[in-house]
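S.K.: next comes the sequence, and after it the predicted model I'd like to discuss.
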Amino acid sequence: MAVGIRGIRGPRPAGPGTPPTPAPVAQGGTGDQEAASEPEQEPEPGSAPARPPLLRELLLVTALFLVYKFGRLFANGHETRAFRNADRVWDAERAIHLPGEGTIQQLLLHGEPLIRAANTYYAAVHFPATVAFLVWLYWRRPAHYLWSRRVLALTTGAALALHLLMPLAPPRMLAASGLVDTARVYGPSVYGATPETDSMANQFAAMPSLHFGWALMVAIGLIAATRSRLRVLWLLHPALTLLVIVGTANHYWFDALAAAALLGLALLVVRAPGHRTAPPPVSRPLGAAPLPVGALR
């Protein structure tokens, strides 16, 4: 008598006219291997951030500007310290053999139209260019707008703190520099004739130069937000601004270096748009077949 062995199932032999029964696939075998062989789909990038409410942004930017404006005025009344710091900055620049600011000014003084153009650039381009930059980003690149606004706010706040801690007379006021106050002589000028009583601006807040700091951020922001092959040409704006602020004797070289340093720190603190973090590891069931190379890429 034949004895059957229970518990073991195999393929049933085919009888006349009967197709053979395929063997069942064990769990974790070929079926899982086929599923694993298909690379997993990467998560689709998140949708672009929504444009922030316009009214809120207008109020926020206006408030930040007013805080900075009145904060600079609050730093008035430290003329003695400002001139003492100016002497130290001038001597430090000469000690490390930086080119004299007078060299740049002599280039601009070759013709009156040229120096007038430089004075106009200093007076009329700085603020409107920054506003136009933010407006364009707001409508076309909301993520870059938020990033740029935060960087500018952080840089400006740090600059205000430095203005309060280190009042500094510009080189046009320093007798040792031998420089000409081009805005007062040739015009146009945005400052009052008497710096000590100027109620519109603090003329003893030369360091850092926000003319240069903001211009550099405008260039960096536009390079990051655009894809044109010529976008590097935006760097001409801070380069021209640097020549103007030095040639008109409104700032020292150190003022631009300080602004660039503060901007660099702000860029390190504020995360740029498009920064992607590494995806979390994919959990696999215990005993599952290993994924093929490239499945998680």
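M.R.: Yep, it's here.

S.K.: quick one: low-confidence parts of this structure?
M.R.: 1-49, 72-77, 192-200, 275-297 (pLDDT under 70).

S.K.: now the helices for it?
M.R.: Counting by DSSP state H, the chain has helices at residues 30-37, 54-74, 79-95, 101-108, 112-124, 126-140, 142-165, 182-186, 210-225, 236-247, 253-269.

S.K.: what residues sit buried inside the fourth one?
M.R.: What it means is helix 101-108. For helix 101-108, burial by neighbour count (16 or more other CB atoms under 10 Å) applies to 101-102, 104-105, 108. In this view, the C-beta of every residue, glycine as well, is placed from N, C-alpha and C.

S.K.: closest one to Leu257 out of these, please.
M.R.: Glu101 (13.2 Å; CB to CB).

S.K.: any idea how far Asp181 is from the closest one?
M.R.: According to CB to CB, to the nearest Å, Glu101 stands 13 Å off from Asp181.

S.K.: identify the contacts common to those two.
M.R.: Shared contacts of Glu101 and Asp181 (CB atoms under 8 Å, 6 or more residues apart in numbering): Ala249.

S.K.: mind putting the buried residues of helix 101-108 into CSV with distance to Ala258?
M.R.: What follows is these, written out as CSV (distance: CB to CB, whole Å):
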residue, distance to Ala258
Glu101, 15
Gly102, 21
Ile104, 18
Gln105, 20
Leu108, 23
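
S.K.: quick check, nearest of those to Arg229?
M.R.: Of all those, the one with the least separation from Arg229 (CB to CB) is Ile104, at 30.6 Å.

S.K.: spit out the contact partners of that closest one.
M.R.: 243, 246-247.

S.K.: give me the neighbour count for the nearest residue to it once chain neighbours are set aside.
M.R.: Leaving aside its sequence neighbours, Ile104 sits nearest to Gly247 (CB to CB, 6 or more residues apart in numbering; 4.2 Å). Residues lying near Gly247 (other CB atoms under 10 Å) number 25.

S.K.: chain neighbours aside, what residue packs nearest to the residue positioned nearest the centre of the chain?
M.R.: The C-alpha lying nearest the average C-alpha coordinate of the chain belongs to Leu267 (CA atoms, centre = their mean; 4.9 Å). Setting aside the residues directly before and after it, Leu267 is nearest to Val151 in space (CB to CB, 6+ apart), at 6.0 Å.

S.K.: ok, that neighbour touching Leu268?
M.R.: No. Val151 is beyond contact range of Leu268, at 10.0 Å (criterion: CB atoms under 8 Å).

S.K.: please say which of these two ends up with more neighbours.
M.R.: Neighbours per residue, other CB under 10 Å: of Val151 and Leu268, the larger number sits with Val151, 22 against 9.
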